[in-house]
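**Q** coordinates for the following, if possible.
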Amino acid sequence: MTVSGDSSFPPDSQAMSRVLTRAISRTYTLTSLSDGSSSTILVEEWRPVFDRLDLESDGKMDGQIPLERFAAILEGDPVWKESVPLTLKQRILQEVDLNHDGVIDYSEFLTLV
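**A** A predicted model of the protein is given here:
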């Protein structure tokens, strides 16, 4: 995966880097391992997906998805449920909540996708 629009900062400026890279319109270029094809997805295209998950998680769009509800939503997906090993699921769910506040916000969601 290639991320366009990211900037490099010294390690002590990681917080500033996250703020600036969120402000810059980024694109993700995903390359298929099977056939080599690629597609580009604008970061802004993920917002409606996040908003839908946010609304489904607790009935309100407040920009936060409770971690346990997010896990339950993922378990409803057949690919996640049947193809992702349990240890990997646990690791992903632990690492997606970057500030360990028990909810996933949009910036944390983007790190997952």
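
**Q** quick one: buried residues of the helix or strand where Leu110 lies?
**A** Per DSSP states H and E, Leu110 falls inside helix 106-112. Across helix 106-112, burial judged by 16 or more other Cβ atoms under 10 Å covers 106, 108-110. C-betas here are computed from N, CA, C, even on glycine.

**Q** what of stretch 83-100?
**A** By neighbour count on 16+ other Cβ under 10 Å, the buried set for stretch 83-100 is 93, 96-97.

**Q** residues touching it, excluding its own?
**A** Applying Cβ atoms under 8 Å, 6 or more residues apart in numbering, the contact partners of stretch 83-100 are 67, 70-71, 74, 80, 103-104, 107-109, 111-112.

**Q** could I get the average pLDDT for that stretch?
**A** Confidence over stretch 83-100 (mean pLDDT, whole number) is 92.

**Q** if we can go back for a sec, which pair of the contacts of stretch 83-100 spans the longest distance?
**A** Trp80 and Ser107 (21.4 Å; Cβ to Cβ).
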